[in-house]
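[1] dropping the sequence and predicted coords here.
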Amino acid sequence: MSERNIRLNIQYNGSGFAGWQYQPDAVTVQGKITDAIEKVTGLKVTLYAAGRTDAGVHALGQVANFHIDHHLPTERFKDAINFYLPRTILITEAFEVPREFNSRYAALWRQYRYVIDLKKTAHYFDYRWEYPYDLQLEPMQAIAETILGRHDFSAFCRVASQKENNDCEVTESVWRREQSLFIYTIRASRFLHTMVRSLVGAMTLACHDKDPLTLSQFQDIMASGDHTRVKSVAPARGLYLVEVGY
């Protein structure tokens, strides 16, 4: 049996995990899936993901892949791995891809969604930011539109994770309202650490009654590249990795 490259499409509730990436002393999504694959096959694999989501961030369409030399038919990987996973992680698809495919480096874009709720609920507080103040769509959308195109997002990235090049190409950035929900959708070539949460936090400040963040002030923060000027970072629980494009 020759080595195969297996792609997994994955959903997970990030509430009980310390993020995607494996940590020796914490429960992570990557760790749980890697352990499940080992229980199925008896082999340790390296699992590559399209995006390393932070603690508390959810996924509707995470993509990962691993190489393995094993006799299990490809169509059986999904159910076999799911058998050993907690209910909060679900493999929705498993199929073979070309040997050179890498879920991270082959990705052309990622799409994230952020959900804010102006109302409190007993059921959904782990899946949205329950925001105690009023919001208006117009000032937030005005800021959202200014980040379309290619920009340096250093100001919206935690310093420890910054790379030599923090440019991202944003092709979609839009807010919509559904009753008490404010929903932000952003699609880009790549994302930096806490980038979406930092952007959302800044956009909500545009709606403050006292001293609201203006469009020109937001643009000045972006141009500065200084993360310390971002005064609000939205909590992880409202963020979802929705889809990865190849």
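    Nice, thanks for sending it over. Numbers count the residues shown, from 1 in each chain.
[2] please verify my assumption that N102 contacts N65.
    Yes. The criterion here is C-beta atoms under 8 Å, and N102 meets it with N65 at 6.7 Å. All C-beta spots, glycine's among them, are computed from the backbone N, C-alpha and C.
[3] what sits in contact with each of those two?
    Y48 (C-beta atoms under 8 Å, 6 or more residues apart in numbering).
[4] any residues touching the longest helix seen in the chain, and which ones?
    Ranked by residue count, the top helix of the chain under DSSP state H comes out as helix 29-41. Applying C-beta under 8 Å, 6+ apart, the contact partners of helix 29-41 are 8, 10, 12, 14, 17, 19-23, 43-45, 47, 49, 53, 59, 62, 64, 66, 68, 70, 72, 77, 80-86, 89, 91.
[5] what is the subsequent helix or strand relative to it?
    strand 48-49 (DSSP states H and E).
[6] neighbouring strands of that next one in the sheet, and parallel or not?
    According to DSSP bridges, strand 48-49 forms sheet pairs with strand 58-68 (antiparallel).
[7] tell me what whatever helix or strand comes next after the partner strand is packed against?
    The first helix or strand that comes after strand 58-68 along the chain, using DSSP H and E, is helix 77-83. When contacts are defined as 3 or more C-beta pairs under 8 Å, 6 or more residues apart in numbering; DSSP states H and E, helix 77-83 sits against strand 4-12, helix 29-41, strand 89-97.
[8] the first one: partners in the sheet, and parallel or antiparallel?
    Under the criterion DSSP bridges, strand 4-12 sits next to strand 58-68 (antiparallel), strand 89-97 (antiparallel) in its sheet.
[9] need the contact partners of the helix or strand following the last one.
    Using DSSP H and E, the helix or strand that follows strand 89-97 in sequence is strand 109-117. Outside strand 109-117, the residues within contact range by C-beta under 8 Å, 6+ apart are 50-51, 60-61, 124, 127-131, 135, 171-172, 180-191, 196-197, 200, 204, 234, 238-245.
[10] buried ones in strand 109-117?
    Neighbour counts over strand 109-117 (16 or more other C-beta atoms under 10 Å) mark 109-117 as buried.
[11] for stretch 123-136, same thing?
    127-131, 135.
[12] E164: which of those residues is nearest?
    Of all the buried residues of stretch 123-136, W129 has the smallest distance to E164: 31.8 Å, by C-beta to C-beta.
[13] who's in contact with the closest one?
    114-117, 200, 234-235, 237-238.
[14] give me the distance between Y133 and D209.
    Distance, Y133 to D209, by C-beta to C-beta, to the nearest Å: 8 Å.
[15] could you list the domains of this structure?
    For the chain, the structural domains run 4-97, 109-245, going by automatic domain parsing.
[16] dump those domains to TSV, plus mean pLDDT.
    Output for those, formatted as TSV (pLDDT from 0 to 100):
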stretch	mean pLDDT
domain 4-97	97
domain 109-245	93
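[17] T214 - nearest residue in space that isn't next to it in sequence?
    Nearest non-adjacent residue to T214, counting by C-beta to C-beta, 6 or more residues apart in numbering: A206, 7.4 Å away.
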